[in-house]
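Visitor: Can you look at this prediction? I've put the sequence above it.
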Amino acid sequence: MPNALAAEQSPYLRQHADNPVDWLPWGPAALAKARDQQKPIFLSIGYATCHWCHVMAHESFEDQAVADLLNQHYVAVKVDREERPDLDAIYMTACQALSGAGGWPLTALLTPDGLPFIAGTYFPKTARLGRPGLLEILAEVARRWNGPERARMIQAGQEVARAIQPQAGPKTDLDPRALGMAYSQLRQSFDDQFGGFGQAPKFPTPHNLLFLLRWQARNPGSDALAMVEKTLTAMADGGLFDQVGFGFHRYSVDRPWLTPHFEKMLYDQALLAMAYLEAHQLTGREDFAATARQVFTYVLTRMTGPEGGFYAAEDADSEGVEGKYYVWTPQEVLAAAGQADGRLFNDFHGITADGNFEHGTSIPHRRQSLADFATQHGLDADQAAQALERARLALLAARQQRIPPLKDDKIITAWNGLMIAALAKAGQALADEALTAAAARAATFILQTARATGGRLARSQRDGQASGPGFLEDYAFMIWGLIELFEATFELDHLEAALELTDKCCELFWDEADGGYFFSPADGEKLIMRDKDDYDGATPAGNSTMTLNLLRLARLTGRRQLEDMAQQLMQTMAAQTMRLPMAHTMLLMALDFAQGPTKEIVICGAKNDPAAQAMIAKAQQKFIPARALLWRPPEGPEAARLAALAPFTAGMTTVGGRATAYVCQDHVCARPVTDPDELRF
């Protein structure tokens, strides 16, 4: 018989519905059972596409001996970290405090009141290679809990809970020198040979690259751009990028970006696409634009629901083997693509008889430039490109006959906000209305649920059912997406929605006592800790993102109070940022924006006026990181509506009936420009 997880919406929880463990989802019923029976809680947190979560499930949670121990002595609780990032953050902090490490699966033993007294990550079923075994841990903890040592375990949980409580630091202005410090720290950790930062495993961390592009714009003599270009080129050429079906895998297990951890996350696609787009804007390199387009091809063909929302992730495993869906032998390539095209594909992508992965298989990657490859094979570049593309499409068709990895089809609001931002940015940078339309469709879908719940965002949804209320990052990333969408379309609905969500975000999350935003809403579940996220990790922190959102909205609307809130945020986070600036690059992007010079650009003219269109395109396609861009019709209700949102635009109109650009920088406005060729930023 399935356990209680069978009724849940989360694909991760439902993966465990047939375990012999009597799992319960986190909630009042599980907590009440633990208190009533005075049993410790066995908490297991993971996500649907987590490889080691699968391993632990197969080894232990499908095992009757483990299940018997759990069912007799514990209340076993499963949590999808993507549905409940608040719980994940609390118990991950406890795990790091107790063990010095973290990751998923996250395993914690709690008192009936939720206090953690033991925490770790993956445990094998029995002790192996220095790791304690789950059977031994469960038996020993049960023996102690049911004996005289229970009080000591409860006391340990209380001490851990006290130790992880957030402490408000001193408030001070964020020192602009943090920008240079972060650059120096990133430069020191940069891998000059292969790009990226640090040693293996290597994570893309795209907001580090976005920060470096801004440092380059401010300091053209630095080598920040060279670091970005080397990293972006190496990632796109390596196995980190799916050379057959497109999209980026989660991270590389080696320095050269060849061997990835094969899962694909929506947030990586969004943030990496932004990095490639901005690098294209700054350098003009078409290969960066092409990579961004390929990412969107993957997302729009494989990760988009019928209503326009974007799915969360694809697993690394298929048929129980990591990477099996993605790797090839030379014979498989020849069988799919034919002898001529297949040989070219094998040579260009390093697919050999010896293989570069497990069991003689190869991960496709690019080993040289297309031009050099074509010359070696006596082809011109177009011929080589066409042959390789024919082979790729043939391999893609053949791969689709394989058993695919699990797709986690939750639609997570925060990650959708990031993809909306990326698509809208691409619509501007690449002048591609189809990408803008995809962003708008997703935004409409997400906001429909908000309008049905009093303006509040849901955390995620699946099959038309919401998982629960949204967290800070859901609001922060959706606001980011709406700002980008407004600057791509100039539709005031998007700006109004961004402002409404900002007001709701402040209502639900703002800390009136110490400043900054809490991660969970004020009326949310009362847990052992209510924290503020400030570390820009796999995704930027909600507080960092909101700081930049507030500054951009302040420039778009002229609302000084939004700028004041951004300043308070930077003051609140200044102390921890100065300790390690490179860990706060999204916040430093906000600091860079605040330092200026910022440009407020208003284009006035009929939307179908070629001169107005040329001015808009010039502003949208150029790399101007500290920018607020608005379009104003010469007259009519939309002009009045814009003036109500952004009063400073009220007096801006066409000059001599011609499309006119108004460019202001740091509160000083240049003379209006009516000739697109004379427009300078």
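Guide: Received, thanks. Predicted, not measured: the structure shown is a model, and the values here were computed from it.

Visitor: what residues are up against the closest residue to Ile164 other than its chain neighbours?
Guide: Sequence neighbours aside, Thr93 is the residue nearest to Ile164 in space, at 4.8 Å (criterion: C-beta to C-beta, 6 or more residues apart in numbering). Bear in mind the C-beta positions are built from the backbone N, C-alpha and C, glycine included. Contacts for Thr93 were tallied using C-beta atoms under 8 Å, 6 or more residues apart in numbering; they are 164, 529, 531.

Visitor: most surrounded residue in these?
Guide: Ile164 (20 neighbours; other C-beta atoms under 10 Å).

Visitor: Could I get the pLDDT score of the residue nearest to Ile164?
Guide: pLDDT, Thr93: 95.

Visitor: What is the nearest of the contacts of Thr93 to Arg451?
Guide: Asp531 (29.1 Å; C-beta to C-beta).

Visitor: distance of that closest one from Asn543?
Guide: For Asp531, the distance to Asn543 equals 11 Å [C-beta to C-beta, to the nearest Å].

Visitor: just Phe486 next, same as before
Guide: 22 Å.

Visitor: who's more crowded, these two?
Guide: Neighbours were counted for Phe486 and for Asn543 using other C-beta under 10 Å; Asn543 has more, 29 against 24.

Visitor: Which elements pack onto the host helix or strand of the more buried one?
Guide: Element membership for Asn543, per DSSP states H and E: helix 542-557. Using 3 or more C-beta pairs under 8 Å, 6 or more residues apart in numbering; DSSP states H and E, the elements in contact with helix 542-557 are helix 472-489, helix 492-509, helix 560-579, helix 585-595, strand 627-632.

Visitor: Buried residues, stretch 269-287. List them.
Guide: Using 16 or more other C-beta atoms under 10 Å as the test for burial, stretch 269-287 gives 269-283, 285, 287.

Visitor: Not counting that stretch itself, show me its contacts.
Guide: Taking C-beta under 8 Å, 6+ apart as the rule, stretch 269-287 contacts 204, 206-207, 209-210, 213, 216-217, 225, 228-229, 232-233, 235-236, 247-248, 288-289, 291-292, 295-296, 298-299, 303, 415, 418-419, 421-422, 425-426, 429-430, 539, 621-623, 625.

Visitor: Is the residue most central in space within the chain part of a helix or strand, or is it coil?
Guide: Centroid-nearest residue in the chain, with C-alpha atoms, centre = their mean: Tyr267, separated by 2.9 Å. The three-state assignment at Tyr267 reads helix, by DSSP: H, G, I helix; E, B strand; the rest coil.

Visitor: nearest spatial neighbour of it, skipping sequence neighbours?
Guide: That would be Trp415: by C-beta to C-beta, 6+ apart, it lies 4.7 Å from Tyr267.

Visitor: wait, what's in contact with that neighbour?
Guide: By C-beta under 8 Å, 6+ apart, the contact set of Trp415 is 265-267, 270, 310, 312, 477, 539.

Visitor: Doesn't it belong to a helix?
Guide: Yes - counting by three-state DSSP, Trp415 is found in a helix.

Visitor: per-residue confidence at it?
Guide: 98.

Visitor: same thing with Asp192?
Guide: pLDDT at Asp192 comes out at 97.

Visitor: backbone phi and psi for the nearest residue to Ala626 once chain neighbours are set aside, please?
Guide: Nearest residue to Ala626 in three dimensions, chain neighbours excluded: Thr598, at 4.3 Å (C-beta to C-beta, 6+ apart). Note on Thr598: its backbone torsions stand at phi -90, psi 150 [degrees, to the nearest 10].

Visitor: Pro625 is in contact with Thr598, correct?
Guide: No - with contact taken as C-beta atoms under 8 Å, Thr598 and Pro625 are classed as non-touching, separated by 9.4 Å.
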